[in-house]
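Undergrad: sequence? don't have it. structure:
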């Protein structure tokens, strides 16, 4: 099996569940044509810049430093904008400024960023080494600890152009359960933690807070589901059939980028993995900060059984 198909993440598993064929083509670098001003590039840049700005605020940087960092991070045209979603460089600066004001006025009072290997625990990366060469990788926006109570809080920054945010969108997200891998490295005895989704609504220019308590029982279920997903990929690969889910061809008012080509042969659409690219993939994963094996994860899980939440 191509190593690229074994390199998993939260977003790639979402794609697997929506349309296995899309995952296959995406992982194998299918040739697609996109306009130079593809709207998703601005959407990604906007979300990344706001998230980085929030991390900078948590690191006690001045508002001037935060805004300068945002300027440095911005890689699309400064005048790029999406009026319908109210996303632009200047809109990102407004969101960062608003969060800086919130934080300066006591928001998250008593919480401080945890230190990991002498650095603030922002954008921590982790890899789970799974059977048959599969790997699951992820990032955590920020990990904080209350100075008095010792309560651990994982902060996840999100942006949305939706006019309303429903807690059901985030409550059972598998992404939040994966964060426990990082927390194992920081707090080995921890039995539960809180995930705070801080969602910035671009149209109303306001933040919504969605806190959820997470236990390690949830992680046991997540590990089982992750292994089942791996078995699905292996089954698709062995049969040389990655099912196409037509209901996913049009989402969020946009056609799938592979809509016009996904019925063609995979060989015509994809690029073989060179030895050089395979090595680059391995080198990238090696740079991740926290590495755990499935056996270590299971042993950690067993050690927490019976621990009061």
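TA: Sure, I can see it. The structure displayed is predicted, hence computed values, not measured ones.
Undergrad: after the top strand by length along the chain comes which helix or strand?
TA: Identified as the longest strand of the chain according to DSSP state E is strand 135-146. Per DSSP states H and E, the first helix or strand lying C-terminal to strand 135-146 is strand 152-160.
Undergrad: Please list the outside residues in contact with the next helix or strand after that following strand.
TA: Going down the chain from strand 152-160, the next helix or strand is helix 174-178, by DSSP H and E. Outside helix 174-178, the residues that touch it by Cβ atoms under 8 Å, 6 or more residues apart in numbering are 10, 13, 126, 136, 138, 154, 156, 170, 195, 212, 214, 218-219, 222, 225. In short, each C-beta sits where N, CA and C put it, glycine included.
Undergrad: let's see 6 Å
TA: With contacts defined as Cβ atoms under 6 Å, 6 or more residues apart in numbering, helix 174-178 is touched by 10, 138, 195, 218-219, 222.
Undergrad: Below-threshold pLDDT in this structure: ranges please.
TA: Under the criterion pLDDT under 70, the flagged ranges of the chain are 30-40, 305-309.
Undergrad: Okay, domains of it per the record?
TA: 3-33+108-304, 35-107 (automatic domain parsing).
Undergrad: Now do the longest strand of the chain against strand 152-160: the angle between them, please.
TA: Here strand 135-146 runs at an angle of 110 degrees relative to strand 152-160 (axes from the mean of the first three to the mean of the last three Cα atoms, to 10 degrees).
Undergrad: Pairing partners for strand 135-146, with directions?
TA: According to DSSP bridges, strand 135-146 forms sheet pairs with strand 7-8 (parallel), strand 111-113 (antiparallel), strand 122-129 (antiparallel), strand 152-160 (antiparallel).
Undergrad: That one: which residues count as buried?
TA: Of all the residues in strand 135-146, those buried under the rule 16 or more other Cβ atoms under 10 Å are 135-145.
Undergrad: follow-up on the earlier one: would a markdown table of the strands paired with strand 135-146 with distance to residue 238 and mean neighbour count be doable?
TA: Output for the strands paired with strand 135-146, formatted as a markdown table (distance: least, Cβ to Cβ, whole Å; neighbours: other Cβ atoms under 10 Å):
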| stretch | distance to residue 238 | mean neighbour count |
| --- | --- | --- |
| strand 7-8 | 18 | 20 |
| strand 111-113 | 45 | 17 |
| strand 122-129 | 22 | 19 |
| strand 152-160 | 36 | 20 |
